[in-house]
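Asker: Generate coordinates for the sequence data below:
(2 chains)
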Amino acid sequence: MIVEIGHFALILALALALVQASAPLVGAWRADRALMGVGSSAALAQFALILVSFAALAWAHLTSDFSVLNVAENSHSAVPAIYKFSGVWGNHEGSMLLWVLILAAFGALVAAFGGALPATLRANALAVQGLIGAAFLAFILMTSNPFDRLSPAPFEGRDLNPVLQDPGLAIHPPLLYLGYVGFSIVFSFAAAALIEGRIDAAWARFVRPFALIAWAFLTLGVAMGSYWAYYTLGWGGFWFWDPVENASLMPWLAGTAFVHSAAVMEKRDALKVWTIFLAILAFSFSLLGTFLVRSGVLTSVHAFANDPRRGVFILAILAFFIAGSLSLFAWRAPLLKHGGLFAPISREGALALNNLLLTAACATVVFGTLYPLALEQIAGDKITVGAPFFNLTAGVLLLAACFVMPFGFSLAWKRGDLLGVAERLAVAMAAGLVVFIALIAFRRGGPTLAPVAAGAAIFVILGSLSEVAARAWRGGVSLSTAFSRARGLPLSFWGGAFAHAGVGIALLGLAATGLGAETIAAMRVGVAQTVGPYQVVVNTVGERNGPNYREIVAPMTIRSGGAFVAAIEPARRLFATRQMATTQAGIATIAFGQVYVSIGDPDADGAVPARLYWKPLVTLIWLGACVMALGAALSLADRRLRFGAPTRAKSSAAAAAATAR
Amino acid sequence: MTRKGRRLALIAVALGVVAAAVGLALYALNDSIVFFYSPSEVLQKNIQAGARLRVGGLVQPGSVVKAADDKLDFSITDGAHRIKVSYEGLPPDLFREGQGVVAEGVLEAPGQLRAETILAKHDERYMPREVVDALKKQGRWQEGSGKP
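Answerer: I've put the predicted structure just below:
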């Protein structure tokens, strides 16, 4: 019964989405306030209905109702409750339901908190959002109904894919979707602006909070996915330039470019048409990613089932929204009033350069991801474009962007003083150069780009800090004045400083990958194996039972010159239902580095084959992403930039002085 | 700077970045593309030793030999032909005889691959798609059965 309620709620949501897609549009066109208002109510009700639907599916999963096909195929009564719940989106149908739930949530956010937006802009944006919702709800109901029943119901389910039985499943998809789908609202606002044929600096201010939310979650989602792959695949790799990963990187790059160009638009009323284009681009890449991942074009753990009907349907949605928005753009963009041009040496100039580099990097990722697919369709040749290609193209371009970053952050709007900025960044530059030279001198092998990346990372981190210092310390004031000035700096400034420092931190982690150590060995109990500066000893090899698996565990002790450092328990789990094994790497975090051990099945003579890694500073890669997201959150908390918020009187003269520049 | 000068500067920088991106992409494409072949194709196309490629098919039952603790020899078959593969390192979790596999590495001699990476499928329901296609060409794949 509950399952049927979920199904009906989803059908009702589709009907409401269609209303939301049409009524406010007509209302905005005829300046009919009542009709425009329908959009908000419909958006809120649609969200509530999809929430009911999602809850119904979650209930079916939690109670292991195997009469539901989706539950029978992707769950098992012995699965721990947390994986029963996260298993709701651990399959194609459920993950699409989560997708539309988040889509509707962003629509509801605009409906609930968008009271200060111009009525027509809000109505048009909600209409576009409703149209996207309708398309995906129709997709779910027609090709991927999660509420299909199964008769007779089996006694036991076929189990959740063991690779997905991991806390990562509870975190990674929701975070990623909040980012991925979050750009839908930015897209909707862009389409609304094009429909109205009017765009101004205020538009950028309205969209800014949504873009920041989406960007922060996408950053966390990509980082979480990377960390999950890192600890679960047993290779110690964290980024494989796999098409599925690229699918999440493309909207991230476009979204990062958008956040920056929107700042130029807001402050300087320039780059307006370009900003709209980026908004369309970011969500188009989200759709492209959804297609690549969900249609079965690619084989990966993310592609749950290969039903050609689904691929064609998503492709149709993709084509409609991308072609539709780009035609709208081509038709309406010439009507938009162009912003002024700006001086090359200025903050907006640096941001334009940043945009160029980011979009060029994004283009190379798109090319490297789609070229093999296209070539196979056209010529029948099967090729792989591997990591070397992406490192040499996107990697180099993004590294170049990192070099420009501190300059852009320190330059003033309108007319910058490059020499003054270089003076201010002198310490950071010198430190970066020292690190670069030291690494070149002491390097033994490793990636060629590593010393450059390490130098750039130091430059970026110290560059952000020196900008904070320069603003707080101006005029050689006392430490307490400097401190109170620093507190008075606007939150959006702190947000930028943190986000940029986060990039530097992540880059430092990436640069350190070449400095680690790696050993493959057959380990015997009691015999130490050296990896990097550490010795690893297997204590025992045993077996034990988990809730729905058996595992071989090899508890190990990590020592450094005789002193105990950490204990780890790498294991291999065998899941009986699917006859499938997974690797549980043993990981010990030491300072910011990690010792990482993954084991294979023990040999007949008791030796355990193992991969041992020492990865210095590796956690910085993901910590950096967290710092970036923190930066976005700080910027989001800045009252001055929240739409509808009354301008607050400056609390102190210090703050006014600090922001005046 | 005049308005014209500003516009020229912007366009020049944009062109510079685009040119750099295209240049890098073309340069990188030269030596980082890897072709995928089935064992039959490797032999029929007479691919020269030293070439970098991916070979996909099934792990020939009975062919897996552990030469040393971290050394593995096996054969990849598509039913018609087979390629010998030697690999240093641990095979992935799902590596098993009779199952789908993709090996990437350098061809040492015709029919002999030194693999650097081995990829196995993700679970019992899915096969690497290249492997399915390779098996289909040899008529060894029945649609829908999930088993060759």
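Asker: Pretty sure residue A:380 sits in a helix.
Answerer: No - in this structure, residue A:380 is coil, not part of a helix, as judged by DSSP: H, G, I helix; E, B strand; the rest coil.
Asker: and it, how many residues sit next to it?
Answerer: Taking other C-beta atoms under 10 Å in any protein chain shown as the criterion, the count of residues near residue A:380 is 8. C-beta here means a position set from N, CA and C on the backbone, and glycine is covered the same way.
Asker: Please parse the chain into its domains.
Answerer: Since no chain was named, I'll use chain A. Annotated domains of chain A cover A:425-514+A:620-644+A:652-659, A:517-615 [automatic domain parsing].
Asker: wrong chain, I was asking about chain B
Answerer: Split by automatic domain parsing, chain B gives B:1-32, B:35-137.
Asker: deepest of the ones you listed, which one?
Answerer: Counting by mean count of other C-beta atoms under 10 Å in any protein chain shown, domain B:35-137 has the highest mean neighbour count of those, with a mean of 19.
Asker: now the domains of chain B in CSV, with mean pLDDT and distance to chain A?
Answerer: Converted to CSV, the domains of chain B look like this (pLDDT from 0 to 100; distance: least, C-beta to the nearest C-beta, whole Å):
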stretch, mean pLDDT, distance to chain A
domain B:1-32, 82, 4
domain B:35-137, 79, 4
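Asker: related to what we said a few turns ago, compare the domains of chain A and give me the one nearest residue A:80.
Answerer: Distance to residue A:80, taken as C-beta to C-beta, is lowest for domain A:517-615 among the domains of chain A, at 5.4 Å.
Asker: right, is that closest one up against chain B?
Answerer: Yes - for domain A:517-615, a contact with chain B is found by C-beta under 8 Å from any C-beta of the partner chain, at A:520-522, A:572, A:578-583, A:598, A:600, A:603, A:607, A:609-611.
Asker: Burial check on the residue in the stretch 101-250 of chain A that chain B sits nearest to, number of neighbours?
Answerer: Of all residues in the stretch 101-250 of chain A, the one sitting closest to chain B is residue A:161 (5.5 Å; C-beta to the nearest C-beta). Neighbour count for residue A:161, taken as other C-beta under 10 Å: 23.
Asker: so it makes contact with residue A:87?
Answerer: No - contact status for residue A:161 versus residue A:87: not in contact, 9.1 Å apart, counting by C-beta atoms under 8 Å.
Asker: List the residues that are in contact with both of those two.
Answerer: residue A:74 (C-beta atoms under 8 Å, 6 or more residues apart in numbering or on different chains).
Asker: Show me which helix runs longest in chain B.
Answerer: helix B:3-32 (DSSP state H).
Asker: On the three-state scheme, residue B:84 is what?
Answerer: For residue B:84, the assignment made with three-state DSSP gives strand.
Asker: Tell me who's in contact with the residue lying closest to it once chain neighbours are set aside.
Answerer: Spatial nearest neighbour of residue B:84, excluding adjacent residues (C-beta to C-beta, 6 or more residues apart in numbering or on different chains): residue B:112 at 5.0 Å. Going by C-beta under 8 Å, 6+ apart, residue B:112 touches B:83, B:84, B:86.
Asker: any idea which of those residues is closest to residue A:550?
Answerer: Using C-beta to C-beta, residue B:86 comes nearest to residue A:550 of the contacts of residue B:112, at 31.7 Å.
Asker: returning to that earlier point: would you convert the domains of chain B into TSV that also reports distance to residue A:2?
Answerer: Shown next, in TSV, are the domains of chain B (distance: least, C-beta to C-beta, whole Å):
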stretch	distance to residue A:2
domain B:1-32	52
domain B:35-137	28
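Asker: Residue A:488 is nearest to which of those?
Answerer: Smallest distance to residue A:488 across the domains of chain B (C-beta to C-beta): 34.6 Å, for domain B:1-32.
Asker: Now do the closest one: distance to the chain's middle.
Answerer: Remark: domain B:1-32 is offset 33 Å from the chain centroid, using C-alpha atoms, centre = their mean, to the nearest Å.
Asker: Ok, stretch A:25-42 next?
Answerer: 33 Å.
Asker: And that stretch, what's buried?
Answerer: Neighbour-count burial for stretch A:25-42 flags A:25, A:27, A:28, A:35, A:36, A:37, A:38, A:39, A:40, A:42 (criterion: 16 or more other C-beta atoms under 10 Å in any protein chain shown).
Asker: Same question for stretch A:328-347.
Answerer: Residues A:328-329, A:332-333, A:336, A:339, A:341-347 are the ones in stretch A:328-347 that count as buried (16+ other C-beta under 10 Å).
Asker: which SS class is the spatially most central residue of chain B?
Answerer: Closest residue to the average C-alpha location of chain B: residue B:54 at 2.9 Å, with C-alpha atoms, centre = their mean. With three-state DSSP as the basis, residue B:54 sits in strand.
Asker: these two touch, right, it and residue B:104?
Answerer: Yes - using C-beta under 8 Å, residue B:54 is in contact with residue B:104, at 4.6 Å.
Asker: any common contacting residues for those two?
Answerer: With C-beta under 8 Å, 6+ apart as the test, residue B:54 and residue B:104 both reach A:384, B:34.
Asker: got the residue ranges for the strands in the chain?
Answerer: Assuming you mean chain A. Using DSSP state E, the strands of chain A run over A:382-385, A:517-523, A:529-531, A:534-538, A:542-545, A:549-553, A:556-560, A:563-568, A:571-575, A:580-584, A:586-590, A:593-599, A:608-615.
Asker: Oops, wrong one, chain B.
Answerer: For chain B, the strands defined by DSSP E cover B:33-37, B:52-59, B:65-68, B:71-77, B:82-88, B:100-109, B:112-120.
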